[in-house]
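> Sharing a sequence plus its predicted fold:
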Amino acid sequence: VAFAGQSVAATADKDGRWCATLAPLAVSTEGRELTASCGGKTLRAADVVVGEVWLCSGQSNMEQPLWSGTWGGGWSDRKGVIESKLAKYPLIRAFKPPHLKAKTPQEDVKGPWKTLTDPATIRSSYAIAFYFARTLRRVMPDVPVGLIEAAWGGQAIEPFTPDDKAEIYNAKIHPLRRFALRGALWYQGESNMARDGARYKDRLHRLADITDRLLDATGAWNADDFKFLTEELKIDADSLPKELDTYRKRMQAFDIARNKMQEINGSVERIAIQLQSAISRRDAIYSVATMMVSHLGKSMAQTANMFK
């Protein structure tokens, strides 16, 4: 394997799997070629840059695209239309694993890396992740940003948790464990809160703790610097109209879970929770309304930058 003046060799195991590790590289916006050669054949990846890569996961709060018309009850971010038409971000790259589940941990996940330079790619990007990356780029203009967009709408936390009901983790997250990630953005909760919001703290703590132990045990994901950022959502249940009494009860459970999330903040070294103030009933179902996604993405980026 050769890249940026380095050349390293690796030996495949009996199953044909191998891993070649380059020495740490300086941040670079220069697109260079990476090659892998074996048996007289060479594979080439062009325009490879060096920067930060962030895993973005959760349920529909995270998966909400920047703009797709009426997705999410028509509350897609209308700023996204302008962003997608006018903006070009050649140093923001995104990879989106397919929606797959697996009973056992998988070694590979397929999909293309895309550069955020055309309207269709920008519109389909996760809104929170897009604003997060854009803000990081403004703070660190010399640092390329990669996004691994691995959320799945409507899913509870358990399928994402290693050693639990881990079907999503097995298929979408486990294959990424060798990436040198800067950290993860986690935005999820409603699917659990509707059932038992009071226990969400324990489930979130378990996800962060298991991730923490996996990092220490395997050295995966650039363990020393890895940060787990999640977003707290506070909804003012009393602002909901009477005809939404059933939904108000769900939101009261949401408040219980939110309070539990605040308790976990700072209890695990690598985890940080971005706290929010209450939002009104207009934006109650998704916090991805017109201005919220921009605010949340920027806030998470500012939190991430505090770790540096």
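Yes, it's here.

> which element is residue 191 on?
helix 190-196 (DSSP states H and E).

> On the three-state scheme, residue 173 is what?
Secondary structure, DSSP: H, G, I helix; E, B strand; the rest coil: residue 173 is helix.

> ok, the closest residue to it other than its chain neighbours - contacts?
Counting by Cβ to Cβ, 6 or more residues apart in numbering, the nearest residue to residue 173 once its immediate chain neighbours are dropped is residue 150, at 6.3 Å. Heads up, the C-betas are built off the backbone N, CA and C, glycines and all. Going by Cβ atoms under 8 Å, 6 or more residues apart in numbering, residue 150 touches 55-57, 96-97, 172-173, 176.

> all helices in the stretch 51-200 of the chain, in order from the N-terminus.
Counting by DSSP state H, counting those that start in this stretch, the stretch 51-200 of the chain has helices at residues 60-63, 79-86, 119-124, 127-139, 167-168, 190-196, 200-218.

> Any idea which of these gets closest to residue 17?
Judged by Cβ to Cβ, the one of the helices of the stretch 51-200 of the chain that comes nearest to residue 17 is helix 200-218, at 15.0 Å.

> so where's the chain uncertain?
Applying pLDDT under 70 to the chain picks out residues 68-80, 193-198, 209, 211-225, 231-308.

> circling back to that earlier point, which one of the helices of the stretch 51-200 of the chain lies closest to residue 182?
Nearest of the helices of the stretch 51-200 of the chain (Cβ to Cβ): helix 127-139, 9.3 Å.

> which of the residues in that closest one are buried?
For helix 127-139, the neighbour count (16 or more other Cβ atoms under 10 Å) marks 127-137 as buried.

> Not counting its neighbours along the chain, what's nearest residue 7?
Distances taken as Cβ to Cβ, 6+ apart place residue 1 nearest to residue 7, at 7.2 Å, with adjacent residues excluded.

> Give me the neighbour count for that neighbour.
Residue 1: 18 surrounding residues under other Cβ atoms under 10 Å.

> the strands in the stretch 1-150 of the chain, which residues?
2-3, 6-7, 28-38, 41-50, 52-58, 89-95, 113-116, 145-149 (DSSP state E, counting those that start in this stretch).

> Export those as TSV, with columns for distance to residue 162 and mean neighbour count.
Output for the strands of the stretch 1-150 of the chain, formatted as TSV (distance: least, Cβ to Cβ, whole Å; neighbours: other Cβ atoms under 10 Å):
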stretch	distance to residue 162	mean neighbour count
strand 2-3	30	16
strand 6-7	32	11
strand 28-38	29	13
strand 41-50	28	12
strand 52-58	13	24
strand 89-95	20	21
strand 113-116	25	19
strand 145-149	17	24
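
> Many thanks, we can stop here.
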